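Peer 1: Model the following, please.
(chains A and B)
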Amino acid sequence: MKKVQAYVLTFALLFALAMAPAFATGSSEQSSQPAKTVSFLAGEVTDTGGIDDRSFNASAWRGLQQAQSDTGMQIQYLQSTNQSDYVPNIQQFVQKKANIIVTVGFLMGQATSDAAKANPDQKFAIVDFSYSPALPNVLALTYQTDQAAFLGGYLAAAMTKSGKVGTFGGMNIPTVTIFMNGFVAGVRYYDQKNSAKVQVLGWDPDNNQGTFTNDFTNQEKGKTVTEALMNQGADIVLPVAGSVGLGAAAAVQQHNAANPDSPVWLEWVDTDGYISAPQYGSLLLTSVVKGIDVSVKTAAESALKGTFQGGNYVGTLANGGVSIAPYHDFDSKIPDQVKAEIETLKQGIIAGTISVDPKSYPAPSM
Amino acid sequence: MSPDSKPQSPGGSLLRRVADFFVNGNAVVITVLAFVSALVIGAIIVVLATPQATRAWGDLLARPGAALGASARAVAGAYGSLFVGSIGSPGSIARAIASGRASDFANAFRPLSETLVSTTPLMLAGLGIALAFRAGLFDIGGQGQLILGASGATLAGFLLPGLPQAFHLPFAILAGAAFGAAWGFIPGVLKARTGAHEVITSMMMNYIAFNLLTWLLTTELYQAPPRDQTVSKTVAASAHLPLIAGQGLRVNLGIVLAGLIAFGVSWLLRRSTLGFRFRMLGLNREAARVAGVDIELHYVLAMTFAGLLVGLAGAFMILGVDFRLSPSYGGTIGFDAITVAILGRGSPLGVALSALLFGAFDAGGRTMQVNTGIPLQLVEVLQAVLVLFVAAPGVIRTIYRIRVARSGRRVFGGWAG
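Peer 2: As a prediction, the model looks like this:
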């Protein structure tokens, strides 16, 4: 009896010890504050993906972490486990008198505006959603990622050897397809300008149809879809699907190891993949960066300084809310002329003389 | 919890009977001890997850008091927030009653309201899974049945606006029940007709339901205009479950109906012929067959009833709090319901109480996360450890040296049904 008891207790302790690091890392992120702390709380309510979804929840959290290390404000998050959690999670922060509450994603739009109207003195920021009319105490953050994706598309078209480039999305929703639209527009612009015939696989902007994994986390699906695109001849792929993109990178790495003469390259989205997924850095032409972290950081810091203003913010190439990342390893491989053209295009998009809508350009004839 | 597990002590004083009650492991005692043990393990995790406490343990030899103090503060903070977040703080409840202001009232009773909101789907889905358990069936398809129930209720909710509530709401509820029942019926029929194991078929039905929902949300019928986001149209107000504690609180008629349904299921299992046959089937299939029970028919009926109840869980979530569908709707409630059913040992009263406990964990977990920074996962670990102990009562008996119970009901018949 005694022996069994000892075993059970040992097991319980080992179990607790084994679980501890998981919690310790989670909470040390939350509570490791720099020496000076300010009595200011920024709270994020995440969607069901949580702060480590490698997508918008993670980007928003990174923004708050940067704000914390810059200013010493306190930050905290609440994870939603399903749709019914949004309202009480926001309410938790309202009751805790958080100085700003950051919510994430289209699905939280309604819950956020309800809470904002019920608590007019409470400041909010919401990622990937905008209100019309704008709310005075909510800063709604949206991004014209098609502007940056256009440059990515142009670069892909300039660099492809097979004449085929590919893309796929996590889900057929506007925040995803806006990347794919910009990408296709960039390719079509290249074709028109250079009388080329580069083809885009995986997205047809004219019929709103394309390849989707219906999933933002399953890397195996990213692998399968990318292999299919490569089999059809695509040699540059733009995955727009959160961490599913890691599966795409794994597939590309395998392909390149087996076929060193016909390598395939990737373009990353949301963050600079060279930094966020360094193990695949050597495969990345560039990244189409959506500056969620920068704008969330700015929002939190403005609330701290007392300069917070509600309304709708749109991230563009002009204000730096979207951008393409440095070329890193490809800097020497991309011709200077292409780099110069991309810089010119960027200025043209900022000036409004170049359209990033794929429908402004003729669809390639099959 | 069940009448057959009450200790029948041979005469003796009250004291003797109390002692017997604890020494001879009865189901309630095991559950309570499992709960206590889970809290102890949770406390250890809380201490390890709190940097201040772990640092204090680092210089244990220098300042032993500090280590214990920091640990006690961490544990009290975590469990205190769990309590305040699920039941409420006595202070603010007293203030609300004194001031009588609606906003104070809402804030004071919000924790309780949120507990009940979380309890509702867990209770209904748990009842469904428990009903299947009692008939010797292991329904893993809760997730799919819940999604279907929610889809049915949503469809009825937005398709028929302008109906009077007295007609629209019951209709939407019935639609959810019917969709869920259909999703339970399929594995039931497959088992009855082909012998396919319900664990496998009902689990596959989850994947089908998940992808069906993703597709439905892109169809013209379901998708909200302007049809660019994958969310459904919104349920009309006439199909909403009425709020029962005022505008500021989300608690709605759903919890009342769920309680009544729990009584209904209890009656069904204890008093009705159908319930008797279900139980016979669960206790001994061959004996049931010899006694003349149409086993195939009752497999189908049990799975259909289970699907119906889980479908109601989805319907009540839609009609009570969410009002529209989104991808992967329901999170993990369909699976959590299995845990609730096991913890409740398959009895309707037990399921209702377990659902209440899990609902309280849900609501309290949020407050704990906000107040102490301990991640929500701690709550999930607490729940898992608790159920682990309940499912393996031998562990608890060994730790607390409890003799084997004289009679006990197995919660479910096992894998090879």
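Peer 1: B:Leu127 contacts B:Phe263, correct?
Peer 2: No: B:Leu127 lies out of contact with B:Phe263 (Cβ atoms under 8 Å); the separation is 10.5 Å. Every residue, glycine included, has its C-beta placed from N, CA and C.
Peer 1: Strands along chain B, start to end?
Peer 2: Counting by DSSP state E, chain B has no strands at all.
Peer 1: which regions of it sit below the pLDDT cut-off?
Peer 2: When residues are selected by pLDDT under 70, those of chain B lie in B:1-12, B:14, B:16-26, B:403-417.
Peer 1: show me the contacts for whichever residue of it sits closest to chain A.
Peer 2: Closest contact between chain B and chain A, by Cβ to the nearest Cβ, is at B:Gly331 (3.0 Å). The contact partners of B:Gly331, by Cβ atoms under 8 Å, 6 or more residues apart in numbering or on different chains, come to A:48, A:81-83.
Peer 1: Report the two of the residues you listed separated the most.
Peer 2: Greatest spatial distance in those: A:Thr81 and A:Gln83, 9.4 Å, computed using Cβ to Cβ.
Peer 1: shared neighbours of B:Leu127 and B:Phe263, anything?
Peer 2: Taking Cβ under 8 Å, 6+ apart as the contact rule, B:Leu127 and B:Phe263 both touch B:Pro348.
Peer 1: Neighbour count: the two, which is higher?
Peer 2: Higher neighbour count among B:Leu127 and B:Phe263: B:Leu127, with 31 against 12, using other Cβ atoms under 10 Å in any protein chain shown.
Peer 1: which residues touch that one?
Peer 2: Contacts for B:Leu127 (Cβ under 8 Å, 6+ apart) come out as B:261-262, B:265, B:309, B:341, B:348, B:351-352.
Peer 1: Check these one by one and keep those near chain A.
Peer 2: Among the contacts of B:Leu127, no residue lies close to chain A (Cβ under 8 Å from any Cβ of the partner chain).
Peer 1: Can I get those residues in JSON lines including neighbour count?
Peer 2: Putting the contacts of B:Leu127 into JSON lines (neighbours: other Cβ atoms under 10 Å in any protein chain shown) gives the following:
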{"residue": "B:Ile261", "neighbour count": "19"}
{"residue": "B:Ala262", "neighbour count": "23"}
{"residue": "B:Val265", "neighbour count": "24"}
{"residue": "B:Leu309", "neighbour count": "33"}
{"residue": "B:Ala341", "neighbour count": "32"}
{"residue": "B:Pro348", "neighbour count": "24"}
{"residue": "B:Val351", "neighbour count": "31"}
{"residue": "B:Ala352", "neighbour count": "25"}
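Peer 1: which of those lies closest to A:Lys333?
Peer 2: B:Ala341 (59.7 Å).
Peer 1: Would you agree that closest one is in contact with B:Ile129?
Peer 2: Yes: applying Cβ under 8 Å, one finds B:Ala341 in contact with B:Ile129, separated by 4.0 Å.
Peer 1: Now the phi/psi pair for whichever residue of the stretch 201-350 of chain A sits closest to chain B, please.
Peer 2: Of the residues in the stretch 201-350 of chain A, the one nearest chain B is A:Asn214, at a distance of 5.3 Å by Cβ to the nearest Cβ. Per-residue torsions, A:Asn214: phi 50, psi 40 (degrees, to the nearest 10).
Peer 1: With adjacent residues omitted, what lies nearest to it?
Peer 2: What sits nearest to A:Asn214 in space, not counting adjacent residues and going by Cβ to Cβ, 6 or more residues apart in numbering or on different chains, is B:Thr214, at 5.3 Å.
Peer 1: Pick out the residue in the stretch 51-200 of chain A sitting closest to chain B.
Peer 2: Counting by Cβ to the nearest Cβ, the stretch 51-200 of chain A gets nearest to chain B through A:Asn82 (3.0 Å).
Peer 1: Next one: the residue lying closest to that residue once chain neighbours are set aside from A:Asn194, what distance?
Peer 2: Sequence neighbours aside, B:Gly331 is the residue nearest to A:Asn82 in space, at 3.0 Å (criterion: Cβ to Cβ, 6+ apart). With the distance defined as Cβ to Cβ, to the nearest Å, B:Gly331 ends up 50 Å from A:Asn194.
Peer 1: what does B:Ala62 give?
Peer 2: 74 Å.
Peer 1: out of these two, which sits in the more crowded spot?
Peer 2: Using other Cβ under 10 Å as the criterion, B:Ala62 and A:Asn194 rank with A:Asn194 on top: 12 against 9.
Peer 1: What does the pLDDT read for the more buried one?
Peer 2: Note for A:Asn194: predicted pLDDT of 91.
Peer 1: do the one 10 residues further on as well
Peer 2: On the pLDDT scale, A:Asp204 is placed at 94.
Peer 1: Could you do A:Gly321 as well?
Peer 2: A:Gly321 is given a pLDDT of 92.
Peer 1: how about the strands of the stretch 201-350 of chain A, start to end?
Peer 2: Along the stretch 201-350 of chain A, the segments classed as strands by DSSP state E, counting those that start in this stretch run A:203-204, A:209-210, A:236-240, A:265-270, A:284-290, A:311-315, A:322-324.
Peer 1: Return the residues of the stretch 51-200 of chain B in contact with chain A.
Peer 2: So far as Cβ under 8 Å from any Cβ goes, the stretch 51-200 of chain B lies against chain A at B:51, B:54, B:107, B:110, B:114, B:117-118.
Peer 1: Could you rerun that using 6 Å?
Peer 2: Counting by Cβ under 6 Å from any Cβ of the partner chain, the residues of the stretch 51-200 of chain B close to chain A are B:51, B:114.
Peer 1: mind listing the helices for the stretch 51-200 of chain B?
Peer 2: Under the criterion DSSP state H, counting those that start in this stretch, the stretch 51-200 of chain B contains helices at B:51-58, B:64-86, B:90-99, B:102-134, B:142-159, B:165-194, B:198-216.
Peer 1: hey, which of those is tucked in deepest?
Peer 2: Using mean count of other Cβ atoms under 10 Å in any protein chain shown, the stretch among the helices of the stretch 51-200 of chain B with the largest mean neighbour count is helix B:142-159, at a mean of 30.
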